[in-house]
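Novice: Can you look at this prediction? I've put the sequence above it.
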Amino acid sequence: MKFAKCFLQSNKGFTMQDLAVAIIAIILFAGVIGSTYVSIYRVQAETKVEAIATLLTIEIMEYIDKIGYDEVTQDDTDLLIQEMRNKFSIPSSYTIALEVIPMLEAQDLVKTVKLTFGYKFMNVNRNIIMQRLKVKEL
């Protein structure tokens with residue numbers, strides 16, 4: 001009985017101030033960790049979307065390199081864009097602009113092909129622009 005009475009009258013334990021400080025510290029720590037996870041997720045998602053857009057841009061430019069010189073003209077860009085959308089299964093949310101510019105007007109041997117691949121991430125429009133020369137093979 002003496003032991004129970006001594007145990008109940010001891011000053012060991014937590015006060016309300018101790019618990020309040022501990023809860024506030026845990027809430028602050030959880031907030032910092034939570035915001036860090038959100039930032040990491042956002043950067044990871046942005047990197048993934050940009051990598052996909054870059055890969056599609058490279059695939060399109062390699063396809064343009066493979067087709068013939070005479071098939072790449074400014075007049076046929078809409079048809080070529082539609083063909084690339086079907087071939088590479090590019091969603092309509094991505095925008096593609098293709099511009100074909102002859103380098104020398106007198107000689108029809110070299111063209112500049114400029115591809116602008118646009119996408120939207122977090123309500124911000126972004127573009128990847130790639131430019132290559134298309135040379136006529138003789």
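Specialist: Yep, it's here.

Novice: By mean pLDDT, point me to the weakest helix or strand of the protein.
Specialist: helix 2-8 (a mean of 58; mean pLDDT, DSSP states H and E).

Novice: Next secondary structure after it?
Specialist: helix 16-66 (DSSP states H and E).

Novice: now that following helix: mean pLDDT?
Specialist: Averaging pLDDT along helix 16-66 gives 91.

Novice: does Met130 sit in a helix, a strand or a coil?
Specialist: When classified by DSSP: H, G, I helix; E, B strand; the rest coil, Met130 comes out as strand.

Novice: Provide a list of residues in contact with it.
Specialist: Going by Cβ atoms under 8 Å, 6 or more residues apart in numbering, Met130 touches 57-58, 61, 114-115, 117. Glycine gets a C-beta too; all of them are placed from N, C-alpha and C.

Novice: go with 10 Å
Specialist: By Cβ atoms under 10 Å, 6 or more residues apart in numbering, Met130 lies in contact with 54, 57-58, 60-61, 64, 113-117.

Novice: ok, now Asp108?
Specialist: So Asp108 contacts 69-70, 102, 136 (Cβ under 10 Å, 6+ apart).
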